[in-house]
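K.L.:
Fold the following, please.
(chains A and B)
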There are 2 protein chains.
Amino acid sequence: MSTGKEHIIKSYDDELARLTGELVRMGELAVSQLEAAIDVVERRDERAAQHVVGNDDAIDQLEQEISHDVVRLLALRAPMAGDLRNVFAALRIAADIERIGDYAANVAKRSIPLSMAAPINPTSGLAHLAELAAAEVREVLRAHRDRDAERAYQVWKDDVELDDAYTGYFRQLLTYMMEDPRNITPCTHLLFMAKNIERIGDHATNIAENVWYQVTGEPLTAQRNKRDLTANPEMPKLGDRGD
Amino acid sequence: MSTGKEHIIKSYDDELARLTGELVRMGELAVSQLEAAIDVVERRDERAAQHVVGNDDAIDQLEQEISHDVVRLLALRAPMAGDLRNVFAALRIAADIERIGDYAANVAKRSIPLSMAAPINPTSGLAHLAELAAAEVREVLRAHRDRDAERAYQVWKDDVELDDAYTGYFRQLLTYMMEDPRNITPCTHLLFMAKNIERIGDHATNIAENVWYQVTGEPLTAQRNKRDLTANPEMPKLGDRGD
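P.N.:
Predicted coordinates for the structure are as follows:
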């Protein structure tokens, strides 16, 4: 996992600014992957899908480099209090961004069997979920860059919109499956793709919690009820057309 | 995220032994959660399911404590080479165990709407997946405890068995859905529960990679082809009974 890079140890401010920049770049790459994944779903482009899947390695590599740089930095310096908190948050944020990249790649991967299945493909709902998720991730990256706890808290709160949109789409897909068994296989892929995007929102809230902690030194305790309502009893029964 | 604990800094060996012990206990807790989740699925016990979901907080707390202890340790000492590699691996292993706990809790959570849905519930396949996953996690924890790279590599290789079992179960569930629309809602829950368990195996392989790296100092590069075949085109079509 060594990057082989030698660090010129500068002030902690410089080190943290560099680290923040790396995290923001890593996050932008992950968001681009999500947008590219939705694009290939809509264009039914298998080669492009494989390309997105392959690009995930770059994000994984970035995370390993950031984690390694952080641990190495910790080993070379003895940070305390705020500095330690910043470095700690950076480690966790990098891990969340890496997961976001994994989910985006999985969406692209599932677009391949989806394009072979069909007949029906209500992918517009999927694109809508992706827009909400991409906006969340971009916003929380800004909050991290600007050390803006309030902005992070807003992202953390607003994730409920993505959860609700996911639940509505989930119910819609169930009704398609109930209407025609030929929809079952493609809709099953769409269910998993939608779930991946909903999870991206959860990781954005994780990042928001870390930004909050980083800035305030306190955990963002107030537990927003994580609302994947599809894991709750209000599921459409046969004949229930959901939304 | 501070635990408020004061460390009596002992030798690195002592520190690492303590850290390894914490990770193994955390991992055992995660495996117990998975087994408890399968138990509530089969017993249709909503209260017990809620209990499993609640227990996940303990695992999350353990991960935060371990991560914080590690970062604090790094800040107080200046580890190099092997020591640094060990600490680095511990951080990543804790994160993987935390994810395993999340997946186990989600299986328990989904057992609630599942027990309300039905009519059919082929949960025996789910229990089989859980047995394979639990065995993987226990084995990789032993490999970590004993710093046994070969044992870790075996877990890493054997995860393909869980992947194949998952794929077979997935196809089986699709055919149930195609046979009777009343099966769609319960089988959808089972699909997600099965996917969670398959992901637990992936995290066991992540841990195996970290154990390998920890012991050998080299990344476990040989990329085992992660085989969630359900994300590949060989999906059962209408009339195809899969296995």
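
K.L.:
Please name the nearest non-neighbouring residue to whichever residue of chain A sits closest to chain B.
P.N.:
Taking Cβ to the nearest Cβ as the measure, the point where chain A comes nearest chain B is A:Leu74, at 3.9 Å. No exception for glycine: its C-beta is placed from N, CA and C like everyone else's. Beyond its immediate neighbours in the sequence, the residue positioned closest to A:Leu74 (Cβ to Cβ, 6 or more residues apart in numbering or on different chains) is B:Leu74, lying 3.9 Å away.

K.L.:
Tell me which residues of the strand or helix carrying the one you found come out buried.
P.N.:
Element membership of B:Leu74 [criterion: DSSP states H and E] is helix B:46-76. Going by neighbour count (16 or more other Cβ atoms under 10 Å in any protein chain shown), the buried part of helix B:46-76 is B:46, B:48-49, B:52-53, B:55-56, B:59, B:62-75.

K.L.:
for stretch A:34-44, same thing?
P.N.:
So for stretch A:34-44, counting by 16+ other Cβ under 10 Å, buried means A:34, A:36-41, A:44.

K.L.:
May I ask you to confirm that the residue of chain A closest to chain B is in contact with A:Val87?
P.N.:
Yes - the pair A:Leu74 and A:Val87 qualifies as a contact (Cβ atoms under 8 Å) at a distance of 6.1 Å.

K.L.:
Overlap in contacts, these two.
P.N.:
Any residue near both A:Leu74 and A:Val87 by Cβ atoms under 8 Å, 6 or more residues apart in numbering or on different chains counts here, and that gives B:Val71.

K.L.:
Can you classify A:Pro219 by secondary structure?
P.N.:
Of the three states, A:Pro219 takes coil according to DSSP: H, G, I helix; E, B strand; the rest coil.

K.L.:
residues near it, how many?
P.N.:
A:Pro219 is surrounded by 13 other residues when neighbours are defined as other Cβ atoms under 10 Å in any protein chain shown.

K.L.:
what's the answer for A:Asn183, then?
P.N.:
Residues within reach of A:Asn183, counting by other Cβ under 10 Å, total 24.

K.L.:
Tell me the spacing between it and A:Gln172.
P.N.:
11 Å (Cβ to Cβ, to the nearest Å).

K.L.:
Can you pull out the low-pLDDT segments for chain A?
P.N.:
Across chain A, the ranges flagged by pLDDT under 70 are A:1-10, A:78-82, A:117-122, A:221-243.

K.L.:
Give me the angle between the lengthiest helix in chain A and helix B:81-116.
P.N.:
Residue-count comparison of every helix in chain A, with assignments taken from DSSP state H, identifies helix A:81-116 as the longest. Comparing the axes of helix A:81-116 and helix B:81-116 via axes from the mean of the first three to the mean of the last three Cα atoms, to 10 degrees yields an angle of 50 degrees.

K.L.:
Quick one: distance of helix A:81-116 to the chain centre.
P.N.:
In terms of Cα atoms, centre = their mean, to the nearest Å, the gap separating the centre of helix A:81-116 from the centre of its chain is 5 Å.

K.L.:
Show me which positions of it end up buried.
P.N.:
By neighbour count, and taking 16+ other Cβ under 10 Å as the criterion, the buried residues in helix A:81-116 are A:83-116.

K.L.:
With stretch A:133-146 instead?
P.N.:
Counting neighbours by 16+ other Cβ under 10 Å, one finds that the buried residues in stretch A:133-146 are A:133-145.

K.L.:
Kindly format the C-alpha coordinates of it as PDB.
P.N.:
Taking only C-alpha atoms (Å, rounded to 0.1, in the frame of the first residue of the first chain), the coordinates of stretch A:133-146 have been written out as PDB:
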ATOM      1  CA  ALA A 133     -27.300  11.500  -4.200                       C
ATOM      2  CA  ALA A 134     -24.700  13.400  -6.400                       C
ATOM      3  CA  ALA A 135     -25.900  16.700  -5.000                       C
ATOM      4  CA  GLU A 136     -25.600  15.400  -1.400                       C
ATOM      5  CA  VAL A 137     -22.100  14.200  -2.000                       C
ATOM      6  CA  ARG A 138     -21.000  17.500  -3.700                       C
ATOM      7  CA  GLU A 139     -22.500  19.500  -0.900                       C
ATOM      8  CA  VAL A 140     -20.900  17.600   1.900                       C
ATOM      9  CA  LEU A 141     -17.500  17.900   0.100                       C
ATOM     10  CA  ARG A 142     -18.000  21.600   0.100                       C
ATOM     11  CA  ALA A 143     -18.800  21.500   3.800                       C
ATOM     12  CA  HIS A 144     -15.600  19.600   4.400                       C
ATOM     13  CA  ARG A 145     -13.500  21.900   2.300                       C
ATOM     14  CA  ASP A 146     -14.900  25.000   4.100                       C
END
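
K.L.:
Understood, closing this out.
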